[in-house]
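S.K.: sharing a model that was predicted from the sequence below.
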Amino acid sequence: MYTQGLDQQGPANERREGVESPADIAAFQARIDAEEKIEAKDWMPAAYRRTLIRQISQHAHSEIIGMQPEGNWLTRAPTLKRKAILLAKVQDEAGHGLYLYSAGETLGTSRDEMVNDLLTGKAKYSSIFNYPTLSWADIGAIGWLVDGAAIMNQIPLCRCSYGPYARAMVRVCKEESFHQRQGFDIMLKLSRGTEKQKEMAQDALNRWWWPSIMMFGPSDTDSKHSALSMAWKIKRFSNDELRQKFIDVTVPQAEFLGLRVPDSELEFDTATGHYKFGAIDWQELREVIAGNGPCNRQRMARRRKAHDDGSWVRAAARAYGDKQAAKKAAA
Ligand code: FAQ
């Protein structure tokens, strides 16, 4: 959708390929500071382009791998209605992945290259999708907490300085808010249900709370990309700011559900108007990002198999394309 017409580089880009004069960089920063959107054919510093390709492709991979934990419950959803809703949600995540790969392609990389980086382990995807979905309540917890955290992070991305990414985020956020509500609805039903159902909801919150908090990434002091990403207005809020906002809105929702957030140090601070919370296990986040989470290997094995199983579709599409091109050339 975004890649149409990008086959030809603009003359300004061609002329200045590889050249980054202080004047170019200052003019670029002035456009960012003036809240102008940077578009695909505009000149941009190589590091800005690299940062976007890294973030957008990792975001796309997260959406695609993120289908697996919920896909695990498609055949076991408790009612036909819940199954239809979950099926639609999982399909939405696939769609988000596709918009994001398209947004990434506008920066001059191909979807094949991005996918290859995922399959070879070069590119990351969100830590959260390396945790297992053990009960139906986990589907509620993912919608409520994981989509909730995703929205908190992605609403500011609708104002990201790079136009194609910002525009893709608008639709993604609308769909994510539906996802968040369906998750909360599952949690509400369970927490108002039998004792056993309430226990399931509490157990899911216990297991998903801290991994959801970790989704926002390392603390600001350890976040290596934040300073530049914020100067370039790719990121509008720091990791810790978004984490705090998420905790502030989510704790009252847990209270409404009658569930206990698994953090004994959680306390509302009337002086700041924010919740104070306990220490995050950064070692756990590092391990999951390094590939040693509970499900990393399983998630990647399944993705590689799905990619291999789809090779005949790609071959058929290529053969069809070649045939059409040959016909056109002969006409
Ligand atoms: N997991 O310097 P920073 C969703 C990496 S979508 C894994 O702070 P940055 C929808 C980071 O890449 C969820 N890796 O980096 C859904 C970097 O490594 P690198 C995904 C992480 O980019 C719901 C290094 O650590 N959302 O959930 C994580 O400035 C339900 C240093 O970190 C997005 O991708 C992590 N949690 O900030 C789908 C949103 N955190 O690349 C299905 C867009 C950090 O140098 C079901 N992305 N790392 O090798 C962002 O906003 C940013 O990239 C952050 C990280 C905030 C994730």
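M.R.: Arrived safely.

S.K.: in contact with the closest residue to P78 other than its chain neighbours, which residues?
M.R.: The shortest distance from P78 to any non-neighbouring residue, by C-beta to C-beta, 6 or more residues apart in numbering, is to W136 (6.1 Å). Where C-beta positions appear, they are placed from N, C-alpha and C, glycine not excepted. Contact analysis of W136 by C-beta atoms under 8 Å, 6 or more residues apart in numbering lists 73, 76-78, 186, 190, 200.

S.K.: helices - which of those land there?
M.R.: 186, 190, 200 (DSSP state H).

S.K.: quick check, the first one in contact with S135.
M.R.: No - with contact taken as C-beta atoms under 8 Å, I186 and S135 are classed as non-touching, separated by 11.0 Å.

S.K.: which one's more surrounded, the two?
M.R.: Using other C-beta atoms under 10 Å, the more surrounded residue of I186 and S135 is I186, with 26 against 18.

S.K.: okay, the more buried one: pLDDT?
M.R.: Listed pLDDT for I186 reads 98.

S.K.: repeat for E20
M.R.: On pLDDT, E20 comes in at 89.

S.K.: does it belong to a helix, a strand or coil?
M.R.: Of the three states, E20 takes coil according to DSSP: H, G, I helix; E, B strand; the rest coil.

S.K.: how much space separates the nearest residue to Q180 once chain neighbours are set aside from the ligand?
M.R.: Using C-beta to C-beta, 6+ apart and skipping residues adjacent in sequence, the residue nearest Q180 is D147, 4.3 Å away. As judged by C-beta to the nearest ligand atom, to the nearest Å, D147 and the ligand stand 5 Å apart.

S.K.: not counting the helix or strand harbouring D147 itself, show me its contacts.
M.R.: Using DSSP states H and E, D147 maps to helix 147-157. With C-beta under 8 Å, 6+ apart as the test, helix 147-157 has contacts from 128, 165-166, 169, 172-173, 176-177, 179-180, 183, 212-213, 215-216, 234-237, 242, 245-246, 249-250.

S.K.: derive a ChimeraX selection command for the buried subset of those residues.
M.R.: Listed next is the ChimeraX selection for buried residues among the contacts of helix 147-157, using 16 or more other C-beta atoms under 10 Å:
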select :128,165,166,169,172,173,176,179,180,183,212,213,215,216,234,235,236,237,242,245,246,250
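
S.K.: which parts of the stretch 201-331 of the chain are helices?
M.R.: Per DSSP state H, counting those that start in this stretch, the stretch 201-331 of the chain carries helices over the ranges 226-231, 239-257, 282-287, 296-309, 311-330.

S.K.: burial-wise, tell me which of the ones you listed comes out on top.
M.R.: The highest average neighbour count among the helices of the stretch 201-331 of the chain, using mean count of other C-beta atoms under 10 Å, belongs to helix 239-257 at a mean of 18.

S.K.: any residue of it touching the ligand?
M.R.: Yes - against the ligand, helix 239-257 shows contacts by C-beta under 6 Å from any ligand atom at N239.

S.K.: now that helix: mean pLDDT?
M.R.: Helix 239-257 carries an average pLDDT of 98.

S.K.: just use 877 as the starting number from now, easier for me
M.R.: Sure, I'll start numbering at 877, so the last one becomes helix 1115-1133.

S.K.: can you list the residues of the stretch 977-1126 of the chain near the ligand?
M.R.: Counting by C-beta under 6 Å from any ligand atom, the stretch 977-1126 of the chain comes close to the ligand at 1000, 1002-1003, 1018, 1022-1023, 1026, 1029, 1090-1094, 1099-1102, 1105, 1115.

S.K.: of those residues, grab the buried ones for PyMOL.
M.R.: Selection of buried members from those for PyMOL, criterion 16+ other C-beta under 10 Å:
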select buried, resi 1000+1002+1003+1018+1022+1023+1026+1029+1090+1091+1092+1093+1094+1099+1102+1105+1115
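
S.K.: now the residue lying closest to S1003 once chain neighbours are set aside: how far from D1157?
M.R.: The shortest distance from S1003 to any non-neighbouring residue, by C-beta to C-beta, 6+ apart, is to V1164 (4.3 Å). Here V1164 is placed at a distance of 10 Å from D1157 (C-beta to C-beta, to the nearest Å).

S.K.: so the two - more neighbours on which side?
M.R.: Using other C-beta under 10 Å as the criterion, V1164 and D1157 rank with V1164 on top: 21 against 13.

S.K.: for that one, give me its contacts.
M.R.: So V1164 contacts 1003, 1006, 1087, 1090, 1172 (C-beta under 8 Å, 6+ apart).

S.K.: report the two of those residues separated the most.
M.R.: Taking C-beta to C-beta as the measure, those span a maximum distance of 14.3 Å, between M1090 and N1172.

S.K.: hmm, back to that, closest one to D968 among the helices of the stretch 1077-1207 of the chain?
M.R.: Of all those, helix 1172-1185 comes closest under C-beta to C-beta, at 17.8 Å.

S.K.: any part of the closest one near the ligand?
M.R.: No - using C-beta under 6 Å from any ligand atom, helix 1172-1185 never reaches the ligand; the gap is at least 10.6 Å.

S.K.: check which helices and strands that helix is in contact with.
M.R.: Here helix 1172-1185 touches helix 922-941, helix 943-947, helix 987-995, going by 3 or more C-beta pairs under 8 Å, 6 or more residues apart in numbering; DSSP states H and E.
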